[in-house]
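>>> after the sequence you'll find the predicted model.
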Amino acid sequence: MGHRKLASPRRGSSGVRPRKRAEELLPTPRSWPNVNSSNPILLGFIGYKVGMTYVYYINDIKGSSEYGKEVFTPVTVIETPPVVPIALRAYVLGSKGEPEVLTDYWSSEIPQEITRKIKSLKINKDKLNGFLDKIKSNLNNILYLRALVATQPKLVPALGKKKPEIVEMQIGGGDTSAQLNYLLNVLGKPINVTDIFKEGQLVDIIGVTKGKGFQGVIKRYSVMELPKWHKHRKGSRKVGTKGPSMSTPSYVPQPGQLGFHRRTEYNKRILKISMNPQDINPAGGFVKYGLVKNSYILIQGSTIGVRKRPLFLRYPIRPYEVPTEAPKITYIDLSSKQG
């Protein structure tokens, strides 16, 4: 700290850790909510970030000073082409006291693009019934069921790829037997976002933030730049001291990775779900994306990530109370975003 002063408030935030690069572009949830529903349902969906616009809607939050008034809000557009469950996976309690996979049951009809992701995939249709019988015989021991879900990026021209993402999604609601029947009914069939989410409800968004590379402490932690005088000839864009100990304490700002972190945004509200993309495409299309070709959702406010990046939409794990009905949108800005 030198002669400046003996104490200084912390600059920047290191509360969100780890500040390292994400391991994958589409992270999957580490925990799942418990849904109070008698009907089984997938607890997640995959979408691709398109861009932003703004809407006017009637505020329906009781207790708000703007309740009943027409208010402005920015919204994020997420394109949500149908996803296809290609397999079901059963988990049981293992010998080490942790959940482990009992077996997988694959659909006999899977999209051709799956082989772009799993090149060694070979399904022996003669043995499929054996895997299903194993699941049914251990139904009382199963902890939870999950579906292996594949996206369909071939339906989104803006992405320019056909290789799908494959993720696990947990099933919520109902008992294990009902969940198994639900999965067997939807296996190999496309599922729309309207089958999973409703307008007005909350979702958690899991994704990867914008990457900014390796940065110094000025940009990474907003550290104040040191005065430029002759004794600071070794640089001013650094911290004054790294601490009194032999090793640098973890709370001292240091250079490192900035952005491209795995993050979770809780309780983002869905203002609108539509199967008609013409209702949202602006003149000239979205910048660096183009036109929306599939179903889409409008999320209130901004969200993480760059355009075209996949986002995992999960049922809220710690929701607060919101109106069950969708808010009334009075205006959507469709003016050109090309500048």
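Received the coordinates, thanks.

>>> which residues does the closest residue in space to residue 328 that isn't next to it in sequence form beta bridges with?
In space, and not counting its chain neighbours, residue 328 is closest to residue 58: 4.4 Å by CB to CB, 6 or more residues apart in numbering. No exception for glycine: its C-beta is placed from N, CA and C like everyone else's. For residue 58, the beta-bridge partners are residue 70 (DSSP bridges).

>>> surely residue 58 and residue 326 touch.
No: look at residue 58 against residue 326 with CB atoms under 8 Å: they stay out of range, at 10.6 Å.

>>> give me the more crowded residue out of those two.
Neighbour count, other CB atoms under 10 Å: between residue 58 and residue 326, residue 326 has more, with 17 against 14.

>>> quick one: that one from residue 200, how far?
From residue 326 across to residue 200, the span is 4 Å (CB to CB, to the nearest Å).

>>> residues that sit against both of these two, list them.
Taking CB atoms under 8 Å, 6 or more residues apart in numbering as the contact rule, residue 326 and residue 200 both touch residue 271.

>>> buried set for stretch 54-63?
55, 57, 59 (16 or more other CB atoms under 10 Å).

>>> please apply the same query to stretch 32-40.
For stretch 32-40, burial by neighbour count (16+ other CB under 10 Å) applies to 32, 33, 35, 40.

>>> pull the number of nearby residues for the closest residue to residue 59 other than its chain neighbours.
Residue nearest to residue 59 in three dimensions, not counting chain neighbours: residue 66, with 4.5 Å by CB to CB, 6+ apart. Neighbourhood size, residue 66 [other CB under 10 Å]: 10.

>>> assign a three-state SS to residue 66, would you?
coil (DSSP: H, G, I helix; E, B strand; the rest coil).

>>> who's in contact with the most far-flung residue of the chain relative to its centre?
Relative to the centre of the chain, the most outlying C-alpha is that of residue 230, 49.2 Å out, by CA atoms, centre = their mean. Listed by CB under 8 Å, 6+ apart, the contact set of residue 230 is empty.

>>> so what's the backbone phi/psi at it?
phi -60, psi -30 (degrees, to the nearest 10).

>>> pLDDT value on it, please?
The model reports residue 230 with a pLDDT of 72.

>>> and for residue 65?
If you check residue 65, the pLDDT there is 94.

>>> same check, this time on residue 9
pLDDT recorded at residue 9 is 67.

>>> could you pull up phi and psi at residue 167?
Main-chain dihedrals, residue 167, degrees, to the nearest 10: phi -140, psi 160.

>>> OK, contacts around it?
Residue 167 touches 26, 28, 44, 46, 148, 149, 312, counting by CB under 8 Å, 6+ apart.

>>> all helices of this protein, in order?
114-117, 128-137, 176-186, 217-221 (DSSP state H).

>>> and the ones you listed as JSON lines, adding distance to residue 192, mean pLDDT and mean neighbour count?
Listed next are those as JSON lines, based on distance: least, CB to CB, whole Å; pLDDT from 0 to 100; neighbours: other CB atoms under 10 Å:
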{"stretch": "helix 114-117", "distance to residue 192": "20", "mean pLDDT": "91", "mean neighbour count": "15"}
{"stretch": "helix 128-137", "distance to residue 192": "26", "mean pLDDT": "91", "mean neighbour count": "14"}
{"stretch": "helix 176-186", "distance to residue 192": "11", "mean pLDDT": "94", "mean neighbour count": "18"}
{"stretch": "helix 217-221", "distance to residue 192": "41", "mean pLDDT": "89", "mean neighbour count": "19"}
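
>>> Serialize those to JSON lines and add fields for distance to residue 166.
Formatted as JSON lines, these follow (distance: least, CB to CB, whole Å):
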{"stretch": "helix 114-117", "distance to residue 166": "6"}
{"stretch": "helix 128-137", "distance to residue 166": "18"}
{"stretch": "helix 176-186", "distance to residue 166": "16"}
{"stretch": "helix 217-221", "distance to residue 166": "34"}
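
>>> in this protein, where is pLDDT below threshold?
For the chain, the stretches with pLDDT under 70 are 1-14, 232.

>>> neighbouring contacts of stretch 124-144?
Contact partners of stretch 124-144, identified using CB under 8 Å, 6+ apart, comprise 32, 88, 90-93, 99, 102-106, 108, 170-171, 176-177, 180.

>>> are any of those buried, and which?
Among the contacts of stretch 124-144, those classed as buried by 16+ other CB under 10 Å are 32, 88, 90, 91, 102, 105, 106, 170, 171, 176, 180.

>>> re earlier: nearest to residue 21, out of the helices of the chain?
Across the helices of the chain, residue 21 has its closest neighbour in helix 217-221 (13.9 Å, CB to CB).

>>> state the distance from the residue farthest from the centre of the chain to residue 218.
Distance, residue 230 to residue 218, by CB to CB: 21 Å.
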